[in-house]
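>>> show me the folded form of this:
(2 chains)
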Amino acid sequence: MKRWPIVRALVRKDLTLFFRNRFFAYITLLGLVFYIIIYFVMPKAVDETLALGVYSAALPEAVHAILDAEAVTYQIYESDAALRAAILDGDAPAGLVFPPDLMAQLRAGQKPRVDVYLAASTPPEMRDVYVAVVKGMALALGGQPLNIEAHEITLGPDMAGQQIAPRDRMRPLLAVIIIVMETMGLATLIAEEVQGGTLRALLITPMDVRDLFVGKGIMGVGMTFIQAVLVMGVTGGLRQSPVLMLVALFLGALMATSIGFLMASVSRDMMSSIGWGIVAMVILSIPAFGVLFPGTVTAWGKALPSYYLIDTIHRVANFAAGWGDVWPNLLILAAINGFLLWLGVAVLRRKFS
Amino acid sequence: MTQQAAIIAENLTYTYGALTAVDHINFTVAEGEILGFLGPNGAGKTTTVKMLTGQLTPKDGRAQLLGLDITQHTQAIQAQIGVCFETTNLYEQMTAIENLTLFAELFGVKGFDAGALLARVGLDGRGKDHVATYSKGMKQRLMVARALVNRPRILFLDEPTEGLDPVSAEAIRALILEEQQRGVTVFLTTHDMLEADRLCRRVAFINQGKIVALDTPHNLKQRYGQRRLRAQVTAANGDLETREIVLDAPDTPRAVEALFSREQVVTVHSEEASLEDIFIQITGRGLV
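Predicted coordinates for the structure are as follows:
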């Protein structure tokens, strides 16, 4: 008997059941809209200017001149209290308070006190930058600028002035969320098929268990791939090397299907599938947070299968990486998928029998 | 002319760990025959059906359906059988038509008419409703309809009328007889002895995994049952009393003569043993 009509009937049945499950139907459609909205709501550029608030009862012209010369945007406040309030309200990230007799103290050889106000959210590396700015100003005001010439040499792609926008760093996370949502849907379909006994009815037809896996595989890969391509397309993720990105997304969809099979083997119904799905989402999202917040995920992130998908999406979409740059990622991802798929099919076969 | 066997079970055995669910059972079912497979819960009925339909591989023995070994030609046999399970297992979020069409596609049935099949089971007009909205009786009728999608040569019905209202149960019984008229072999698993008595040419009693009796209901009653004459008579004080006379006994004629000559008989009924009485007599246990 020809297998394709059987597989086609199974896929059609699964699509019908998927979209008649209100939870998954809504979460799929609303999710797509939501992910795209999140992307466009996120900042599309990185603000690289150093902003400051400044107060002094009598700000010397020399300080004005130095601040104007630095790559700093600053705003003069009328009082110390106004500057503090601006920082607390988030209007200014940091503030400098100069004593009114700054120049007199410098001329007398004293060490004038300059208060550096910092917002609680200022990251440690930026705190040091603000203090360094003050020290540099002090040297210039004292007529003793550092007698060196700093020459910048950027190793690797120079991102100065073209930092990756937060929205673009978000893309890999969106891809992982889509993938995990589909694993939940697929796992629910399979678990309910076993629990409801409909699988028994299917297995007493000319359908083979292989047809069942092929059908579920087409459904899982298809649903995930289409959604991921849609979101990547709308958010501009396919502009760089579209074929390479499509291959990466296809491998990601295959990973979703494999993990869906594994989750189905330990799930009894929709609630348990969602429970396992949340665990999978947390684990698989970790490398994506490493992209969002560089430095937070170290080498151990490479132990997670999603790392190779996320890294590929990030590098292709944001750094114009090509096949030569990411082929090891794709190869590792394909190998992991092969293993996960084999494992998922094996454990599900046991459950079916 | 000898009728060909549709089902042959030889030493069919299945064990779940240390528990022997089906213990070397032997039987044949002729083409076009309805065989009742009777026994209490846990006797091994469903396990037998699972082996005969290729859901379980026998641990010992073999089963042939339509001349083919079920373990070697599972798919070829499954294409020619219909199975109605003991528990409802329909796609509840799909309509009845969608359920039937799915299985028609899996069986490769050309020109399938879901409406006509639904009409046969009394569900015409409800085909586009989601199965979740159906009553238990309607779901059971749909289960039977699904088992008929591929016009099977052998029909396995596992407790098809259990828990149903009389109308639904009667509709399903009528359908079983229709299929038998069409030449379909029916393997009917039930613990409803009246149903078995009415529908089946032969019945097999299974108890603790073994077939303890296999014959026509008439022969079983002849062999194991006692025919009785039950009469109501008016006693001397005017009350109604019951008298019972065992038929087929040496002194039956004399007892009957005495009843009518000495008593004032009001009503007389003949009674024969039910299959349930016989089952209890053979196994020492009831059917539930």
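
>>> in three-state terms, label residue 111 for me.
All of this is about chain A. Using DSSP: H, G, I helix; E, B strand; the rest coil, the structure places residue A:111 in coil.

>>> hmm, no, I was thinking of chain B.
coil.

>>> relative to chain A, how far out is it?
14 Å (C-beta to the nearest C-beta, to the nearest Å). Yep, even glycine has a C-beta here, placed from its N, CA and C like the rest.

>>> likewise for residue B:223?
Relative to chain A, and taking C-beta to the nearest C-beta, residue B:223 is found at 36 Å.

>>> what sits against that residue?
Counting by C-beta atoms under 8 Å, 6 or more residues apart in numbering or on different chains, residue B:223 touches residue B:215.

>>> A helix includes it, no?
Yes - using three-state DSSP, the secondary structure at residue B:223 is a helix.

>>> distance of it relative to residue B:194?
According to C-beta to C-beta, to the nearest Å, residue B:223 stands 19 Å off from residue B:194.

>>> again, but for residue A:31
Residue A:31 is 56 Å from residue B:194, by C-beta to C-beta.

>>> compare those two (neighbour count), which wins?
Between residue A:31 and residue B:194, residue A:31 has the larger neighbour count (other C-beta atoms under 10 Å in any protein chain shown), namely 18 against 11.

>>> ok, the more buried one - contacts?
Residue A:31 is in contact with A:177-178, A:181, counting by C-beta under 8 Å, 6+ apart.

>>> which one of these sits in the busiest neighbourhood?
Using other C-beta under 10 Å as the neighbour criterion, residue A:178 leads the contacts of residue A:31 with 27 neighbours.

>>> and whichever strand or helix holds it, what does it pack onto?
Using DSSP states H and E, residue A:178 sits within helix A:166-195. Other helices and strands packing on helix A:166-195, by 3 or more C-beta pairs under 8 Å, 6 or more residues apart in numbering or on different chains; DSSP states H and E, are helix A:4-20, helix A:22-41, helix A:209-234, helix A:242-266, helix A:270-292, helix A:306-319, helix A:323-352.

>>> check contacts around the residue of chain A found nearest chain B.
For chain A and chain B, the shortest gap (C-beta to the nearest C-beta) falls at residue A:197, measuring 3.3 Å. By C-beta under 8 Å, 6+ apart, the contact list for residue A:197 reads B:85, B:87-89.

>>> find the closest residue to chain A in the stretch 101-250 of chain B.
Closest point on the stretch 101-250 of chain B to chain A, by C-beta to the nearest C-beta, is residue B:105, at 3.7 Å.

>>> now for chain A, the helix or strand with the poorest mean pLDDT.
Across the helices and strands of chain A, mean confidence by mean pLDDT, DSSP states H and E is lowest for helix A:61-69: a mean of 77.

>>> dump that one to PDB, keeping only the CA atoms.
What follows is helix A:61-69 as a C-alpha-only set of coordinates in PDB (Å, rounded to 0.1, in the frame of the first residue of the first chain):
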ATOM      1  CA  GLU A  61      34.500  78.200  32.000                       C
ATOM      2  CA  ALA A  62      37.400  75.700  31.900                       C
ATOM      3  CA  VAL A  63      35.100  72.900  33.000                       C
ATOM      4  CA  HIS A  64      32.600  73.900  30.300                       C
ATOM      5  CA  ALA A  65      35.400  73.800  27.700                       C
ATOM      6  CA  ILE A  66      36.600  70.400  28.800                       C
ATOM      7  CA  LEU A  67      33.100  68.900  28.900                       C
ATOM      8  CA  ASP A  68      32.400  70.300  25.400                       C
ATOM      9  CA  ALA A  69      35.600  68.800  24.100                       C
END
